[in-house]
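**Student:** structure for this input, please:
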Amino acid sequence: MQQFGKNQLAILIIVFLIGSTPLFELGIEAKQDAWIAMALAAMVGLLLTIVYVVLQRRSPNSGIADLYKIHFGRYVGGAIAFIHAGWFSYECMRNVRDVGELTTMALLNYTPKWIIMLLILFVAAYTVSRGIEVFVRVVQLLFPLVLISYISIILLLFFGNLIRVEELLPIMENGPVPILKAAFPDLLSFPFGQMVVLLVFWSHVKEKEMIGKVTYISQIVVSIFLVFMNAIILCVLGPELAGLTALPLLHVVQLIRLANFLERLDIIVTLLLFIGLYVKIAALYMASVFTVNAVTGVPYRYCVLPIGIIIYAASFLEPNNTYHIWIGLDITLKIVPFFQIVLPLLMLMIGVRKRYRAAGTAKGQGA
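**Tutor:** So this is what the prediction gives:
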């Protein structure tokens, strides 16, 4: 079985969670309090991750499919795992479609959407076919580019005097209700609830005893960064403009003008868009392949192409971007808590009940 180290795990979590998240102004329904909604969702998301880590510790060498079988039984657990594999593919498809829509809308207006989607899925499929070690090494290579790009954007915004902190005021103007509505379930499900995918990858980490510590620290660091970026976009654009722009970070970067020569830095946002969505697509694609392999016993390499074809074909089912967004906001967000919250909590309760039952049996035998 292919394995990777704790440092690679930290980088994978950071890049996967960041993904394309900072490119958008999530939680903008709360207007200038969007950053508070992001912080609140991050705290609850950390609690969810603790649940995932507890489940992983019960069987450190098991992936999500085996965990379902352990907690729900061979047949019921296997069926749930197969459905979850389908959900991983569905989320991968949504990211593939996002690449096509966002790229043609904001960056490459005259490039056919199907070519952009095919290219990024082909790259992801090749990565998945090479295995998890290659994938985490690729993420490790991409990490410095992501880090340098975001640091450059932040510094240029400060040097360009584009940050207006007064855009964050007044705080909680309309009370806590808009913040709660923005945070749950939207921000909890995306991006923090997507940490459930790590139940597929944790079994491949060499230092099993370090998984919890590395995961918590990495998620806290990313959460602080996402809250900060959310606030930065608000400070530059203001809540009204941030809510109307498809790619707020792209608009923010287009405002940068330094010394009459440093401008048109759209390439940075383009780079971040493709890196972030590529990592999300490859991780979800690989999670689906791993899970199908664990349930059906079909060799890993034979699962890659069929699942890739299904993902690509499904990405054309939605006729336009408006329908794609409607499905994502009104349908997907009602279903995804089942996989991110309901099933993990059910496994947690089943495991506790079994532990208490085993303890009671041992006590009775001792008496």
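
**Student:** quick check, E29 in contact with L180.
**Tutor:** No. Here E29 does not reach L180: they are 10.5 Å apart, not a contact under CB atoms under 8 Å. C-beta here means a position set from N, CA and C on the backbone, and glycine is covered the same way.

**Student:** out of the two, which sits in the busier spot?
**Tutor:** Neighbour totals were compared for E29 and L180, and E29 leads with 17 against 13 (other CB atoms under 10 Å).

**Student:** which residues sit against stretch 70-81?
**Tutor:** Contact with stretch 70-81 is made by 58-59, 62, 64-65, 67-69, 291, 294-295, 343, 346-347, 350-351, as judged by CB atoms under 8 Å, 6 or more residues apart in numbering.

**Student:** which of the residues in that stretch are buried?
**Tutor:** Within stretch 70-81, the residues that qualify as buried by neighbour count (16 or more other CB atoms under 10 Å) are I70, H71, F72, G77, G78, I80, A81.

**Student:** phi first, then psi, for the third one.
**Tutor:** The phi/psi pair for F72 (degrees, to the nearest 10) reads phi -110, psi 0.

**Student:** one step back: got the buried residues of stretch 70-81 as CSV, with distance to L17 columns?
**Tutor:** Converted to CSV, those look like this (distance: CB to CB, whole Å):
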residue, distance to L17
I70, 27
H71, 26
F72, 28
G77, 27
G78, 29
I80, 25
A81, 23
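
**Student:** just the closest of the residues you listed to Q8, please.
**Tutor:** A81 (25.2 Å; CB to CB).

**Student:** which residue sits closest to that closest one, ignoring its sequence neighbours?
**Tutor:** Here the nearest residue to A81 in space, its sequence neighbours aside, is A65; by CB to CB, 6 or more residues apart in numbering that works out to 3.8 Å.

**Student:** in this structure the one you found contacts T291, no?
**Tutor:** Yes. With the criterion set as CB under 8 Å, A65 and T291 qualify as a contacting pair; they are 4.9 Å apart.

**Student:** ok, back up a step: need the residues touching each of E29 and L180.
**Tutor:** When contacts are counted by CB under 8 Å, 6+ apart, E29 and L180 are jointly contacted by A37.

**Student:** in the stretch 151-300 of the chain, what spans have low per-residue confidence?
**Tutor:** Regions of the stretch 151-300 of the chain meeting the criterion pLDDT under 70 cover residues 259-263.

**Student:** all helices of it, in order?
**Tutor:** For the stretch 151-300 of the chain, the helices defined by DSSP state H, counting those that start in this stretch occupy 177-182, 188-189, 198-201, 211-244, 248-254, 266-296, 300-314.

**Student:** just checking, what packs against the first one?
**Tutor:** To tie it back to what came earlier, the one meant is helix 177-182. Applying 3 or more CB pairs under 8 Å, 6 or more residues apart in numbering; DSSP states H and E, one finds that helix 177-182 contacts helix 34-58.

**Student:** buried stuff in the helix it packs on?
**Tutor:** Burial within helix 34-58, assessed by neighbour count using 16+ other CB under 10 Å, is assigned to 34-42, 44-46, 48-49, 51-53, 55-56.

**Student:** who are the contact partners of the residue lying closest to M105 once chain neighbours are set aside?
**Tutor:** Setting aside the residues directly before and after it, M105 is nearest to A246 in space (CB to CB, 6+ apart), at 6.1 Å. Counting by CB under 8 Å, 6+ apart, A246 makes contact with L102, M105, A106.

**Student:** which of the residues you listed count as buried?
**Tutor:** Under a neighbour-count criterion of 16+ other CB under 10 Å, the subset of these counted as buried comprises L102, A106.

**Student:** still on that earlier bit, what sits in contact with each of A65 and T291?
**Tutor:** By CB under 8 Å, 6+ apart, A65 and T291 have these common neighbours: A81, H84, A85.

**Student:** so which of those belong to strands?
**Tutor:** Of the positions in the shared contacts of A65 and T291, not one sits in strands, assigned by DSSP state E.

**Student:** of the residues you listed, closest to A125?
**Tutor:** Nearest to A125 among those: A85, at 16.0 Å, using CB to CB.

**Student:** got the contact list for stretch 331-343?
**Tutor:** Contact partners of stretch 331-343, identified using CB under 8 Å, 6+ apart, comprise 48, 68, 80, 84, 87, 91, 94, 185-186, 188-189, 193-194, 196.

**Student:** so can I have TSV of these showing distance to I224?
**Tutor:** Listed next are the contacts of stretch 331-343 as TSV, based on distance: CB to CB, whole Å:
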residue	distance to I224
L48	17
Y68	33
I80	34
H84	30
W87	29
E91	25
R94	26
P185	22
D186	20
L188	17
S189	20
G193	18
Q194	18
V196	21
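
**Student:** most neighbours among those, which one?
**Tutor:** In those, the most neighbours by other CB under 10 Å go to Y68, 27 neighbours.

**Student:** just the element for the nearest residue to that one once chain neighbours are set aside, please.
**Tutor:** Using CB to CB, 6+ apart and skipping residues adjacent in sequence, the residue nearest Y68 is G77, 3.8 Å away. Per DSSP states H and E: G77 is located in helix 74-106.

**Student:** I'd like the next helix or strand past that helix.
**Tutor:** Scanning forward in sequence from helix 74-106, with DSSP H and E defining helices and strands, the next element found is helix 113-130.

**Student:** show me what contacts the residue nearest to A81?
**Tutor:** Applying CB under 8 Å, 6+ apart, we find A65 in contact with G77, G78, A81, H84, A85, F290, T291, A294, V295.

**Student:** cutoff 7 Å now
**Tutor:** A81, T291, A294, V295 (CB atoms under 7 Å, 6 or more residues apart in numbering).

**Student:** cool, K208 as well?
**Tutor:** Under the criterion of CB under 7 Å, 6+ apart, the neighbours of K208 are P60.
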